[in-house]
Structures are given as C-alpha cells and as structure tokens.
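Q: Kindly generate the corresponding structure for this input.
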Amino acid sequence: MVLLAAVSLIALAWDQISDAWKVIGLALLSLAMVSAGTTLAENRPRQQIAAAAITGTGGALGFVTIIGAVLLVDLQTSVAIALMAAWGFVLLLVSWTAGQFFTAVVSALGALVTVGFAWVQANAYPGRAALIWALVNGYLVALAVVSALLAHYAQRMRLAAWLPATAMVVTAVAWCSVRPCCCALRRDRRRPAVPARRGATASGASLRAAAVPRGRTQRRRLGVGRGRRDHDPRGAAPRAGSHDPAGDS
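A: A predicted model of the protein is given here:
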C-alpha cells in the first residue's frame, strides 16, 4: 500500500517536476536497485532469482536514464555514449561480484542499446559520425577484453564462458550498423558538385515560362494561322498585298 501510494503521488506530480530532477531521480533509483539486488544476492544466496530481477531492472533503468538525459536535458552524444559504456562495465562487475549471469545479459542488451543509440545519432548528425563510431569502436574493444577476463576469472558465475559470445554479438551488430553509414558518406564525398549557371535565376526561368504562347488569343497575336485566312475556300477577300492573276489580265 505504501508503494502504491508513492507511485500515485509521483504520477500526479510528474508534470510539475523539472526535467533535471526527473533524470536525477531515475539515476538514484537505478543505483539503489542495483545496490539492493547485489546486497540481497550476497546475504541471501537462496533468493538469487529475486536479486537478479532487482539488479537487472536497475541496470536497464540506468540505460533509460541516460537516454532520457539526452532527450530532456540535452546531454551531449559523446558523453551519453561514454556513460552508457561505463554503466555496462559496472553491470559486468556486479555480475562478477554477485555471481549473476542475468546481470551480464542485461549489460549485453545495454551494449546493443548503446550501438543502436549511436547509429541513430550518427544518422541524425553526420558531422559527428566519425567521433561517435570511434567511441563505439573503443567501447567494443574494451568490452571484448573485459568479457574475456571475466570468462577466465569468474569461477563463481555460471555460464561465464558465454560472455565473449555476447561481446561478439554486439560487435557484429555494430559492424552491420556502421557499414551503411560509411557507404553513404563515401557516396556523398564522391558525388560531383553541379556548378550553377551564370544568369540562371528563378526570375529568368519564370519569364521564359511566361513567354510561351498559350491559347488562341496568343496564337492570333503571333500570327499563327494566317495562312489559312489567305487561302479561304469560301471566297473570302484576299489580303492586301497578295498576288491576283485576274487583275493582271
């Protein structure tokens, strides 16, 4: 009942809370949940499932907090990628300490979210694409090294040998994401620039378009169809200046 009342109060006052306090509150909640899950796993080994659920929820909430900071308080993309990478390593350390493989899975999912976030930002801001993918490459190298070390030294954690496989999956997804961006940048650089013609303005084009004759009135003004009136089969009078053979005789 107390939790329900707290959630209801937050929902009612959510629009009145500033964006900065929202991000800070979510960050503190994420840290609290990860700490509670780790403490529960160490003190009560029989409640590993509940501890893993609490830790995993807090870890996922940390990535959501960083993305929310980008959307709400205009956090820089490079700083956000660095924070997401650091948070992923924190979750890997927690999984090694508490012996929870589920937390390592959440860290791998967070790494995929980081790559997807980098792909979106690189497409939205092509000028920052080189810096963004450089940060992602450094993160992937560090992730591979940390995963290999944990697989060798984490004897308490089950399925620790699969940690390098998760790093390989993240690297493959990053490679598939960065390749189209690189191809698009190469096409833009190789595309020749079309020089503008001198004197070719929009006003000149509109004047040339307006000079095109349209309708019967304009054709009559330009003299179109006068030959038909000169040779009228109904006996119309010839125009002045035309040659009359009857008059010569």
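Q: where does the chain dip in pLDDT?
A: Where the chain drops to pLDDT under 70, the residues are 1-7, 9, 154-157, 160, 179-249.
Q: mind listing the helices in it by residue range?
A: Secondary structure of the chain (DSSP state H): helices located at 2-12, 19-43, 48-72, 77-98, 101-124, 129-153, 163-190, 202-210, 215-221, 226-230, 245-248.
Q: buried residues in the second one?
A: In other words, helix 19-43. Neighbour counts over helix 19-43 (16 or more other C-beta atoms under 10 Å) mark 22-23, 26-27, 30, 33-34, 37-38, 40-41 as buried. For every residue, glycine as well, the C-beta is placed using N, CA and C.
Q: Also the third one?
A: Neighbour-count burial for helix 48-72, with 16+ other C-beta under 10 Å as criterion, is recorded at 48, 51-63, 65-66, 68-70.
Q: for the fifth one, same thing?
A: Within helix 101-124, the residues that qualify as buried are 101-111, 113-115, 117-119, 121-122, counting by 16+ other C-beta under 10 Å.
Q: helices and strands around it, which ones?
A: On a contact count with 3 or more C-beta pairs under 8 Å, 6 or more residues apart in numbering; DSSP states H and E, helix 101-124 meets helix 48-72, helix 77-98, helix 129-153, helix 163-190.
Q: and the angle for that helix with helix 48-72?
A: 20 degrees (axes from the mean of the first three to the mean of the last three C-alpha atoms, to 10 degrees).
Q: re earlier: just curious, which of the buried residues of helix 19-43 is nearest to Phe89?
A: Ranked by distance to Phe89 (C-beta to C-beta), the buried residues of helix 19-43 are led by Val34 at 12.9 Å.
Q: any idea how far the residue nearest to that closest one when sequence neighbours are not counted is from Val169?
A: Among residues not flanking Val34 along the chain, Gly58 sits closest, at 3.9 Å (C-beta to C-beta, 6 or more residues apart in numbering). Separation of Gly58 from Val169 (C-beta to C-beta, to the nearest Å): 23 Å.
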